[in-house]
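In: this is a predicted model, with the sequence first.
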Amino acid sequence: MKSLKEMSEEVYNNCVEKGWDPDPNRTFGDECALLHSEISEALEAYRDWKFEDVTPPEPLQHSGKCPASWDHRNSCIGCLPKPEGVGSEFADILIRLVHYARVHNIDLEYEYERKMAYNRTRSFRHGGRNL
C-alpha cells in the first residue's frame with residue numbers, strides 16, 4: 001500500500017505532467033468546489049448503479065486505432081475503459097484531496113492521526129444531531 005504522502009506525490013506529478021499544475025488562477029474556493037463536484041458525482045453514481053462497479057471487467061486491447069464501438073467520453077490511450085461507479089468516484093475524491101493537500105503542504109497523515117486522537121475523546125454521538 002502507498003502512504004498518503006506517496007499518493008499525493010504521484011497525483012501531483014501526474015497533474016503537472018497533464019498540464020493541471022501549477023495553476024495560479026485556481027483559488028482555494030475553486031478547489032473546494034471541485035472536491036464537492038466529485039462528491040456529487042459519487043451520489044449520482046449511487047443513484048444510477050448503487051454500489052455496483054459498472055466498469056467493463058477487461059480493458060480493450062489497443063490495436064493502433066479505437067474500435068468503432070468505442071465511446072469517446074473515455075480515454076483512447078491504450079483503450080482503457082473509464083472506471084464508473086461509486087468506488088471510482090470515491091477514488092476521484094481521494095485523488096483531488098491528496099492533490100490539494102500536496103499543493104498546500106498539508107500533511108494528511110499527521111492531520112489524520114491528530115484528528116483521530118481527538119475524536120477518540122468525544123462522547124457517544126456527540127453534538128446531539130441525528131444527521
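Out: Done, it's in. Numbers count the residues shown, from 1 in each chain.

In: now the spatially most central residue of the chain, nearest residue through space, not along the chain?
Out: Residue closest to the average C-alpha location in the chain (Cα atoms, centre = their mean): Asp92, at 1.6 Å. Spatially, and ignoring its direct neighbours in sequence, Asp92 is nearest to Glu38 (4.5 Å; Cβ to Cβ, 6 or more residues apart in numbering). Glycine gets a C-beta too; all of them are placed from N, C-alpha and C.

In: check the one you found and give its pLDDT.
Out: With respect to pLDDT, Glu38 scores 98.

In: what about it, distance to Glu17?
Out: Between Glu38 and Glu17 the distance is 20 Å, computed by Cβ to Cβ, to the nearest Å.

In: so between the two, which is more surrounded?
Out: Comparing Glu38 with Glu17 by other Cβ atoms under 10 Å, the one with more neighbours is Glu38, at 17 against 9.

In: does that one belong to a helix or a strand, and which?
Out: Following DSSP states H and E, one finds Glu38 within helix 28-49.

In: going by contacts, tell me the helices and strands next to that helix.
Out: Packing partners of helix 28-49 (3 or more Cβ pairs under 8 Å, 6 or more residues apart in numbering; DSSP states H and E): helix 86-103.

In: show me what counts as buried in the helix it packs on.
Out: Using 16 or more other Cβ atoms under 10 Å as the test for burial, helix 86-103 gives 86-89, 92-103.

In: and for stretch 28-40?
Out: By 16+ other Cβ under 10 Å, the buried positions in stretch 28-40 come out as 31, 35, 38.

In: with stretch 2-17 instead?
Out: Quick answer for stretch 2-17 (16+ other Cβ under 10 Å): 4, 7-8, 11-12, 15.

In: in this structure, where is pLDDT below threshold?
Out: 57-79 (pLDDT under 70).

In: closest one to Arg47 out of the buried residues of stretch 2-17, please.
Out: Using Cβ to Cβ, Val11 is the member of the buried residues of stretch 2-17 that lies nearest Arg47, at 27.0 Å.

In: please identify which helix or strand holds that closest one.
Out: Val11 is part of helix 4-17, with elements assigned from DSSP H and E.

In: no further queries at this time; thank you.
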